[in-house]
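J.: Below is the sequence, then the predicted model.
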Amino acid sequence: MGILDRLNPMQREAASTIEGPLLILAGAGSGKTRTLTHRIAYMIHEQGVNPWNILAITFTNKAAGEMRERVDDLVGGGAEAVWVMTFHATCVRILRRYIDLLGGYDTNFSIYDTDDQKTVMKAVMKKLNIDPKQYKERTLLSAISHAKDDLISVQEYERSTFGDFTKAVIARAYREYQETLKRSNAVDFDDIICLTVELFQKHPEVLESYQNRFRYIHVDEYQDTNLAQFKLISLLADRYRNLCVVGDDDQSIYKFRGANIRNILDFEQHYPEAKVIKLEQNYRSTQFILDAANAVIHNNYARKDKALWTDRGEGEKIRFMQCDNAYEEAEYIVDDIRSKVRNGGNYNQFAVLYRTNAQARLIEERLVLKGIPYNVVGGTNFYSRAEVKDIIAYLKTVENGQDEVALRRIINVPKRSIGAASIGKIEDYAEIRDYTLFQAMQYASEIPGLGKAAARIEGFVNLIRVLRAGLEDLGVSGTIRKIIDSIDYEEYLQDTYDEDADDRIENVEELYNKAVAYEESAEEPSLHEFLEQVALVSDLDNVDNGDGRVLLMTLHSAKGLEFPNVYLAGMEDGLFPSYMSISSGDQEELEEERRLAYVGITRAMDHLTLTAAKMRMQHGETQFNAVSRFVKEIPTELLDGYLPARKSRDDYDSSERFGGYESSYGRGFGEAPERKAAVAKPRAFGRRGSAPETVKPFIAQGVSALGAAGITKGVAGGGAPDYAVGDRVRHVKFGAGTVTALVSEPRDYKVTVDFDAHGPKVMYASFAKLVKL
DNA sequence: CTCCTTTGTCTTTTT
DNA sequence: GACAAAGGAG
């Protein structure tokens, strides 16, 4: 009878548990979206929950769109009232109503993307006299971003600096950056979340209204939430505590963006009454593919133990191919795809995944050569193209005159001969009168020293005024058209770019088309909503493989997708795992890479091919990379094709850890690796021969990493286990048993115990905490 | 103010 | 190898 009949028992239990906190640990391909959508349908249809009271939060628009569609299908009428949205869209919606309560912001705020943030930071550094050679804007921005992810305010950050000079610099930059954004009535991506948290904390009445509205909350991809998002969710869920989170700690791959894997690992601590349900049946891949994925991920520590299984049968072995260079790798992959399609297949059943976007190029070239249709997912965002950003900046200036980043971008584009000197004079004037830049520009004729520039500035101000006046009649698309015409933008593009002017003009037209499409679909079209979509939607969201094309994308973009045939290209130490993660000596970074490998492997339904190149151009120089350690972590019996030399734990020495770089500075180095030397010279640094500062900490950390590698057992579980095969041991949960096998693995000892009451179990020594009897 | 050459950087990137 | 930013010359 019910909606839940089509679910397996565990899925059904998860879907029917609607009261109280619930953690669904959903392995790759275990039907997580299906479970969530059925849960929502069950609530509405069989438990009489008002759709209005349900919130489902995702990370990507794509995931939100998919869920929206499936909920609509299952629920039918009334489903529109369910909020299915991304974190950012949810928060923007809340801020558009209430941000003015925080003071200093107005509800027509701009949203700054990464480029805009850089622009702001550059200005901040200039203003504060921060030496750009000593501090990169990227570093400062990422420090600020991480502070915001952790809900650390400017004041708190300032208090925590103590004698730390670098932190003090960051604190100054943080304060000025935040003040600049506020002056511009703008928020960045991180602000969207943490200002909402701030709003809830400072205005309990607002929080309460949303708590009452969202009685049932779902969070997808919970493993990727950061502290701010966690706080947001826990505030919202605090009243009714009906919080359902879904995730897979093994697929947490966004630590570098502030995701905190502890949120999912510690869910039961935060919510002691929580119910935990594991979905371990995989409906996607063959057993061999799952075995390989399980074997790789088992080398990680920080994870909840689980084992994916399938009833799909063993399937085919995983293929491994090491080519001489990256060209041959591309050739191998493309030829393989072509021959498989000739034997009856469709190009849309194939995906090539890689670690870095730069790897796409060679494969693309080969695909073009063979006339195979393909799509590259990601790479450069449509909205980050200069010509698109120009028009967007005009629109932002029309919407929000305080937006300085937008204003400065267009003030002299196309060239109006308003240069740095004139802008400086306007700035001074604005400072004295406490005006915004745009306000000051309206008094150009009064500003001393502008001379002829004053008239040109007035012309510009007038243009914006006219655009504002016409907005209501013309709408968004009409205003875009008017901008293009008034500034002769297409002519400007033609003059400025000789090579690709036509492409750029096309992009501008595409933006116009998007605006038209937006106006057709929106209930109540507005400029700020259009700008919001532009800021929050990426072209990743439009990935569609209905038209028979091979898909190329990074491993990160591939999360959540599945393909019958998957190629993982560039399986090399130094590329994947990345050079950074190896050289940092930080185990956590390496574990994140390993999770990425896990994500990659589990994208494959039937056929998985791993490829590597012995020699590859990276950053303009030839690198000789060793086969990725992740390939070596896959049991030999699952691999087909050329098999790399197997490595035992003890071979994970320095030359291996920083593997593959030997050839860059002379052969024979790897034969009898002198440990210190191997650590100190992992790689021939940039061609200009300068050893960057990173080398020093690198050496220090490298040595400690080496130390850690050398005494893995110690790190793993406080030394080698004190029991051996044949010994009797006791386990907290399973009771007494006999040790039947003890295998030393890179990170830990794998111990098999035949328990008296529960039969044989395989476990990792550091987790099992077995006591010798 | 603008154009051209030199210099430095370079993982991933849901929003 | 590719691209952006800074610095110097016109």
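T.: Structure received. Numbers count the residues shown, from 1 in each chain, chains lettered A, B, ... in the order given.
J.: so for stretch A:80-96, what's the average pLDDT?
T.: Mean pLDDT, computed over stretch A:80-96, is 95.
J.: Show the end-to-end separation of that stretch, please.
T.: Counting by C-alpha to C-alpha, to the nearest Å, you get 20 Å between the two ends of stretch A:80-96.
J.: Near DNA strand B, which residues of the stretch 451-600 of chain A are found?
T.: A:453, A:535-538, A:540-541, A:553-554, A:556-557, A:559, A:578, A:580-581, A:589, A:593 (C-beta under 7 Å from any atom of the strand). C-beta: built from backbone N, CA, C; applies to glycine.
J.: Could you pick out the buried ones from those?
T.: Burial by neighbour count, judged by 16 or more other C-beta atoms under 10 Å, picks out A:453, A:535-538, A:540, A:553-554, A:556-557, A:559, A:578, A:581, A:589, A:593 from those.
J.: Just name the closest of the residues you listed to residue A:603, please.
T.: residue A:559 (8.2 Å; C-beta to C-beta).
J.: Now do the contacts for that closest one.
T.: A:251, A:253, A:599 (C-beta atoms under 8 Å, 6 or more residues apart in numbering).
J.: Same check on residue A:67?
T.: Here residue A:67 is in contact with A:33, A:36-37, A:56, A:58, A:84, A:220 (criterion: C-beta under 8 Å, 6+ apart).
J.: can you tell if the helix or strand harbouring it touches DNA strand B?
T.: Under the criterion of DSSP states H and E, residue A:67 resides in helix A:61-75. Yes - Helix A:61-75 comes into contact with DNA strand B (C-beta under 7 Å from any atom of the strand), by way of A:61-63.
J.: hang on, the earlier thing: narrow the contacts of residue A:559 to those in helices?
T.: residue A:599 (DSSP state H).
J.: quick one: the helices in the stretch 201-350 of chain A?
T.: According to DSSP state H, counting those that start in this stretch, the stretch 201-350 of chain A carries its helices in the segments A:204-213, A:227-237, A:262-265, A:267-270, A:287-297, A:326-342.
J.: can you tell which of these is closest to DNA strand B?
T.: Smallest distance to DNA strand B across these (C-beta to the nearest atom of the strand): 9.5 Å, for helix A:227-237.
J.: From the contact counts, what lies against that closest one?
T.: helix A:87-98, helix A:137-149, helix A:189-202, helix A:204-213, strand A:216-219, strand A:243-247 (3 or more C-beta pairs under 8 Å, 6 or more residues apart in numbering; DSSP states H and E).
J.: is DNA strand B contacted by it?
T.: No - residues of helix A:227-237 are not located near DNA strand B by C-beta under 7 Å from any atom of the strand, the shortest gap being 9.5 Å.
J.: gap between that helix and the chain center?
T.: Taking C-alpha atoms, centre = their mean, to the nearest Å, the mean C-alpha location of helix A:227-237 is offset from the chain mean by 19 Å.
J.: again with stretch A:417-431
T.: 39 Å.
J.: Please apply the same query to stretch A:324-338.
T.: 28 Å.
J.: So for whichever residue of chain A sits closest to DNA strand C, what's the pLDDT?
T.: Nearest residue of chain A to DNA strand C, counting by C-beta to the nearest atom of the strand: residue A:620, 2.2 Å away. Predicted confidence (pLDDT) for residue A:620: 76.
J.: and if you look at residue A:713?
T.: With respect to pLDDT, residue A:713 scores 25.
J.: how about the helices of the stretch 501-650 of chain A, start to end?
T.: A:501-521, A:527-536, A:555-558, A:579-583, A:587-601, A:629-632.
J.: Turn those helices into CSV, columns for mean pLDDT.
T.: Shown next, in CSV, are those (pLDDT from 0 to 100):
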stretch, mean pLDDT
helix A:501-521, 89
helix A:527-536, 91
helix A:555-558, 90
helix A:579-583, 82
helix A:587-601, 92
helix A:629-632, 93
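J.: Reformat these into TSV and put distance to DNA strand C next to each item.
T.: TSV is the format used below for the helices of the stretch 501-650 of chain A (distance: least, C-beta to the nearest atom of the strand, whole Å):
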stretch	distance to DNA strand C
helix A:501-521	13
helix A:527-536	19
helix A:555-558	20
helix A:579-583	14
helix A:587-601	21
helix A:629-632	25
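J.: Point out the most buried one among the ones you listed.
T.: When the helices of the stretch 501-650 of chain A are scored by mean count of other C-beta atoms under 10 Å, the highest mean neighbour count falls to helix A:629-632 (a mean of 25).
J.: so what secondary structure elements neighbour that helix?
T.: helix A:587-601.
J.: Please report the distance of residue A:377 from DNA strand B.
T.: Computed as C-beta to the nearest atom of the strand, to the nearest Å, the residue A:377 to DNA strand B distance reads 8 Å.
J.: Need the per-residue pLDDT for the nearest residue to that residue once chain neighbours are set aside.
T.: Closest residue to residue A:377 apart from its sequence neighbours, by C-beta to C-beta, 6 or more residues apart in numbering: residue A:553 at 3.8 Å. For residue A:553, the pLDDT comes out at 91.
J.: For residue A:553, which residues are in contact?
T.: A:351-354, A:376-378, A:543.
J.: Can you get me a residue count around residue A:481?
T.: For residue A:481, the tally of surrounding residues (other C-beta atoms under 10 Å) stands at 15.
J.: tell me which element it is part of?
T.: Assigned by DSSP H and E, residue A:481 falls in helix A:453-486.
J.: Which strands or helices does that helix pack on?
T.: Using 3+ C-beta pairs under 8 Å, 6+ apart, helix A:453-486 sits against helix A:386-399, helix A:420-433, helix A:437-441, helix A:501-521, helix A:527-536.
J.: Also compute the angle for it relative to helix A:420-433, please.
T.: Orientation check (axes from the mean of the first three to the mean of the last three C-alpha atoms, to 10 degrees): helix A:453-486 against helix A:420-433 gives 110 degrees.
J.: pLDDT below threshold where in the stretch 601-750 of chain A?
T.: A:642-720, A:733, A:740-750 (pLDDT under 70).
J.: need the residues of it near DNA strand C, please.
T.: Of all the residues in the stretch 601-750 of chain A, those lying near DNA strand C are A:617, A:619-620, going by C-beta under 7 Å from any atom of the strand.
J.: what distance separates the start and the end of stretch A:298-309?
T.: Terminal-residue distance, stretch A:298-309 (C-alpha to C-alpha): 15 Å.
J.: Would you mark the buried spots in it?
T.: Buried, per 16+ other C-beta under 10 Å, within stretch A:298-309: A:298-300, A:303, A:306, A:308.
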